[in-house]
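Chemist: Sharing a model prediction with you, sequence too.
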Amino acid sequence: MIDLTQYEELTKVYKQAQKLERECEKQVNKAKRVNFEKAMQDYDKIYQPYTTFQDTIFAETGFNVLLKINPVLIEHRTGKKLKFIEVFGRDFNKLTKSMVITIYLLINETSVMYKFKDDVKMPNGNINKGGKYESPCQIGFETPVWRNGEEIECCYECGIPQEVRSKMTPAERIQNRLKFQSMSQRERAEYMNKNYGMKYKLKNYSNEKPQEK
């Protein structure tokens with residue numbers, strides 16, 4: 001088992017993060033009593049001190065601890081077992097926003113992109129069970145693939161790359177989602193193979209339409 005509570009620098013920033021979160025929560029509750037709707041509009045702004053700390057000091061401290069341990073991670077998209085450094089590299093400052101968030105999730109919650117092969121005792125004392133993912137990535141919702149702190153394969157949502165989806169209008173996103181949801185699993189696999197070079201074996205997937213169930 002990996003015991004993250006053994007690293008004083010990490011438990012210290014964890015406690016600082018918890019204190020900041022409680023302070024932000026108090027500010028939100030105070031704002032709600034004055035004007036609930038405005039408090040909800042300002043929610044992200046009020047929580048900014050916590051999220052900034054989470055994405056900088058907390059995540060970087062966790063990154064440096066994991067560099068020391070260099071644990072084996074399991075990649076959701078491929079199922080491959082890789083050392084931490086193979087995935088995230090050695091330079092925190094080169095990581096993308098998604099990578100930083102994943103570091104935070106690895107040391108504080110759980111991640112849908114990469115997870116520990118071994119069980120982990122988190123800074124809060126909880127045990128997160130390691131090992132392979134119970135289910136593979138869904139077709140058309142593939143998670144990214146990272147090597148040495150760089151993205152070598154992008155993630156997808158409703159059958160399109162996330163960076164493309166981010167540039168679509170809300171109406172276009174809805175139209176694309178409805179179209180993708182109407183496909184059978186086999187049609188989705190064929191679509192991803194044809195458009196993005198995936199290698200799904202079509203015979204392994206049902207051609208039953210969602211509305212036919």
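Modeler: Cool, got the structure.
Chemist: CA only for contacts and neighbour counts going forward, please
Modeler: Fine.
Chemist: what about Gln181, distance to Cys158?
Modeler: According to CA to CA, to the nearest Å, Gln181 and Cys158 sit 8 Å apart.
Chemist: In terms of packing, which of these two has more residues around it?
Modeler: Cys158 (21 against 16; other CA atoms under 10 Å).
Chemist: What's the per-residue pLDDT of the more buried one here?
Modeler: For Cys158, the model assigns a pLDDT of 95.
Chemist: nearest spatial neighbour of it, skipping sequence neighbours?
Modeler: Excluding its sequence neighbours, the residue lying closest to Cys158 (CA to CA, 6 or more residues apart in numbering) is Gly140, at 5.3 Å.
Chemist: quick check, that neighbour in a strand?
Modeler: No - Gly140: not assigned to a strand; according to DSSP: H, G, I helix; E, B strand; the rest coil it is coil.
Chemist: can you pull the contacts of it?
Modeler: Residues near Gly140 by CA atoms under 8 Å, 6 or more residues apart in numbering: 156-160, 188-189, 192.
Chemist: Show me the residues you listed that map onto helices.
Modeler: 188-189, 192 (DSSP state H).
Chemist: So which residues of this protein form helices?
Modeler: 8-34, 36-41, 43-46, 48-53, 59-69, 84-88, 97-108, 162-165, 170-181, 185-196.
Chemist: Adding mean pLDDT, write these out as a markdown table.
Modeler: As requested, the helices of the chain are exported to a markdown table (pLDDT from 0 to 100):
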| stretch | mean pLDDT |
| --- | --- |
| helix 8-34 | 95 |
| helix 36-41 | 93 |
| helix 43-46 | 94 |
| helix 48-53 | 95 |
| helix 59-69 | 97 |
| helix 84-88 | 98 |
| helix 97-108 | 94 |
| helix 162-165 | 92 |
| helix 170-181 | 94 |
| helix 185-196 | 96 |
